[in-house]
Structures are given as C-alpha cells and as structure tokens.
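Trainee: Give me a 3D structure for the following:
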Amino acid sequence: FKNGKPTCNNYVFNVYLYLAMSITLIGLFAYVINELTSKNEAEKHQLMPMNYIYNQLGSYIFGGMILSFIFIIMIAFTNNFSKTGHIYNHIIWLFFVASISIMIYPYFKSQELAGVVDDALISTALVFIFMSIIVYAQPDFFEKSYNFVMPGLIVGLLAIIIVALFNLFFVKDAQQMKTTTLYISYIVIVLFSLFVSYDTSKMFQLAKICVNYPNYPKSSVDFFLDLLNLFVSFVNIYSP
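Mentor: The predicted structure is shown next:
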C-alpha cells in the first residue's frame with residue numbers, strides 16, 4: 001500500500017500473501033467457532049462425531065453456504081482495478097472467508113476425518129505447487145491457450161455440479177452414491193488442478209497490465225476456491 005491505496009508493486013507476491021492470509025483466517029475463524037459452539041472446556045479440545053457436529057451446526061453450515069454464494073457473486077462483480085471501493089472489497093472478502101470457515105469447520109472437528117485431513121492438506125499443497133511451477137516454466141503456452149481452455153473448464157465444472165446434485169438428491173443406493181462421489185472427486189481434482197495453472201496465468205496477465213489500484217482480494221479468491229475444492233475432493237478420496 002502507498003498513501004493508503006494498493007499499488008501494483010510486487011503484484012504476484014501480494015496475491016500469494018492474500019491467499020496465505022485467507023488460509024490463516026480460515027484457521028482463526030474455525031478456532032472462534034470452536035470456542036463459541038463447544039458446550040464445555042473438554043469439548044473444545046475433543047474431536048466429535050460428524051453427525052453430532054451437523055446436528056449442532058447444521059443450520060449455520062447451510063447459512064454459511066448460502067452466504068458464501070452471495071459474497072462470491074458480490075466479489076465477482078467488483079473490478080480488478082479501481083480507484084474506489086478498497087474497504088468494501090476487503091469487507092466482503094472477509095465475510096466470504098468467514099462463511100467458508102463455517103462450512104469447512106466440520107472437516108477439522110470430525111472424528112471420522114481426523115486421519116485424512118493432514119494427508120488432504122499435503123496433497124492439496126503439492127498439486128498447487130506443481131501446477132504453479134508448470135506455468136512458471138511455460139507461461140506462453142498457458143497465456144495463448146487461456147481463452148479457449150477456460151470456457152471448457154467452466155463447462156466441465158458446471159457438468160460436474162449437475163451430476164453431483166443428481167447424485168445427492170436422486171441416487172438412493174448408498175454404495176452407488178459413494179462410488180459416484182469418489183469418481184466426481186477425481187474429476188474435480190483434475191479440473192481444479194488445471195484451474196490452478198490457468199488462474200496463475202491470469203494473475204501474470206493482470207500483473208502486466210496493472211498500473212494502480214489492484215483488487216488483491218478478488219485476485220486471491222480464484223486460488224482460494226481452487227485450493228478449497230482440491231482439499232474437499234482429497235478428503236472424499238482419502239475418507240474410509
């Protein structure tokens with residue numbers, strides 16, 4: 001920041017800093033949720049059954065889901081560069097991260113997932129690093145193919161969402177639902193691995209055209225959503 005306004009100096013580094021801050025805030029908000037929802041001191045330090053967590057916080061988790069969609073739409077309608085609205089951009093970004101924290105909290109509190117969360121985090125980090133390195137090694141390829149690959153990825157994502165919703169609401173056989181969810185998770189990992197690379201390419205393009213007043217919260221949200229979807233998919237795959 002310079003004179004209270006964001007600048008384009010070290011644009012790429014700053015986007016990664018905002019991404020790191022988003023992840024840190026997830027941990028902080030999850031800690032606050034744990035403090036507020038635990039019935040006693042012992043429960044604060046204990047893992048709980050997933051059913052118990054959803055029975056206790058189900059309405060809040062659903063509310064967090066709805067709010068996250070609202071805030072991500074609000075973020076999407078902000079400009080990548082603007083002389084005004086910096087405080088507004090940061091406020092809706094904070095609210096978005098907070099709403100995601102409510103949704104992701106059960107993953108860190110659940111007894112059933114205690115053995116897979118660390119593996120999922122490591123796998124997510126490795127995919128993010130690997131796919132980012134590829135872009136750093138071949139930036140021209142991703143820049144040239146961005147305009148026709150990204151629409152295909154978005155169509156693929158929409159198709160996966162439709163299949164996932166059908167699987168959730170219309171498939172009655174539990175084993176078939178679990179198998180379909182597993183296949184969906186593998187496809188989501190492939191899709192969002194590619195999203196990481198092309199979002200990195202987009203970040204490089206924005207860095208080139210940035211003159212002043214960048215919207216770092218918006219730029220970091222793309223990566224945040226990539227990591228979130230990778231993490232959830234790895235949890236689904238590693239879950240017993």
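Trainee: how about the helices of this protein, start to end?
Mentor: In the chain, the helices defined using DSSP state H lie at 11-37, 41-44, 50-76, 86-109, 117-137, 139-170, 174-209, 216-238.
Trainee: In a markdown table, list these along with mean pLDDT, distance to Lys5 and mean neighbour count.
Mentor: Just so you know, the C-beta spots here come from the backbone N, C-alpha and C atoms, and that holds for glycine as well. As requested, those are arranged in a markdown table below (pLDDT from 0 to 100; distance: least, CB to CB, whole Å; neighbours: other CB atoms under 10 Å):
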| stretch | mean pLDDT | distance to Lys5 | mean neighbour count |
| --- | --- | --- | --- |
| helix 11-37 | 94 | 13 | 16 |
| helix 41-44 | 86 | 41 | 10 |
| helix 50-76 | 92 | 19 | 15 |
| helix 86-109 | 94 | 7 | 19 |
| helix 117-137 | 96 | 28 | 16 |
| helix 139-170 | 90 | 28 | 13 |
| helix 174-209 | 92 | 17 | 17 |
| helix 216-238 | 95 | 12 | 21 |
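Trainee: Tell me how far Ser123 lies from Phe170.
Mentor: When CB to CB, to the nearest Å is the yardstick, Ser123 and Phe170 sit 30 Å from each other.
Trainee: for Tyr238, same thing?
Mentor: Tyr238 is 26 Å from Phe170, by CB to CB.
Trainee: Next: Val32.
Mentor: Distance from Val32 to Phe170, by CB to CB: 37 Å.
Trainee: And Pro6, by the same measure?
Mentor: From Pro6 across to Phe170, the span is 46 Å (CB to CB).
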